Structures are given as C-alpha cells and as structure tokens.
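[1] I would like the atomic coordinates for the input below:
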Amino acid sequence: MPFDVSDIVSPTRGHDSGTLLFIVKLEDNYAYLVDGKHRPLSRPKKKNIRHIRRVGRSDCPAAEKIRKGEPLTDSEIRRSLARFATGASEDEGGM
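    Next comes the predicted model:
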C-alpha cells in the first residue's frame, strides 16, 4: 500500500512506535515524519516505510497545507494530530 504526503502514520519499530505522525516528505523508501513536538518541522524523522503503518488520512487544514506545500507551524500539526487521536472534528472546540 503506497503512502502519500500528509498521511497520518504510526511507526511499528523504534522508541517512537505507537505515536501519531504526519508524513511531510517521501523519498525512495523513506518517509520524513513530524509530530510538532518531539519531531518538529525543522527536524523530521527519517523512517523506512517498511517500519510505519498508515493510521488514516485527514482533511484538516494542516494536512491540506502539507499537500499544497504551504507554510505550516508545529502547533498546527500538534493540534491536528490531537484531534485525529480523539476523533474530534475541526469544527469542534471553538477556534
């Protein structure tokens, strides 16, 4: 199953296994992953695609910005991943 930029994935190997991360870049057999906290946009984690599994795909504003290559902040990533994890929609929460 091929991965796409802005997919939400979870590593299956390593100390970060079980966490949620966005794919911000794909290169050969590697994905560059960020969570906005431990792995900010300035320092994405390079991970072999064999060691990640797709959790889902989001249509949140952060995912759209990743797909379009627009500027994005770590706080937007954290917020989107937290909402995805809890199952809340972007309309909830009063922003």
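[2] residue 49 reaches residue 29, doesn't it?
    Yes: distance between residue 49 and residue 29: 5.5 Å, which falls inside the contact criterion (CB atoms under 8 Å). Quick note: C-beta positions are derived from backbone N, CA and C, even for glycine.
[3] neighbour count for these two, which is higher?
    Using other CB atoms under 10 Å, the more surrounded residue of residue 49 and residue 29 is residue 49, with 17 against 9.
[4] next up, the contacts around the more buried one.
    3, 26, 29-31 (CB atoms under 8 Å, 6 or more residues apart in numbering).
[5] any low-confidence regions in the protein?
    Applying pLDDT under 70 to the chain flags residues 1, 88-95.
[6] please redo it, this time with the cut-off set to 90
    1-2, 13-14, 16, 18, 58, 87-95 (pLDDT under 90).
[7] what's around residue 27, how many residues?
    Neighbour tally, residue 27, other CB under 10 Å: 9.
[8] now swap in the one 3 residues further on and tell me
    Residue 30: 16 surrounding residues under other CB under 10 Å.
[9] same question, the one 3 residues further on
    By the criterion of other CB under 10 Å, residue 33 has 24 neighbours.
[10] how about the one 10 residues further on?
    The number of residues packed around residue 43, counting by other CB under 10 Å, is 9.
[11] now it: phi and psi?
    When read as degrees, to the nearest 10, the backbone of residue 43 gives phi -150, psi 70.
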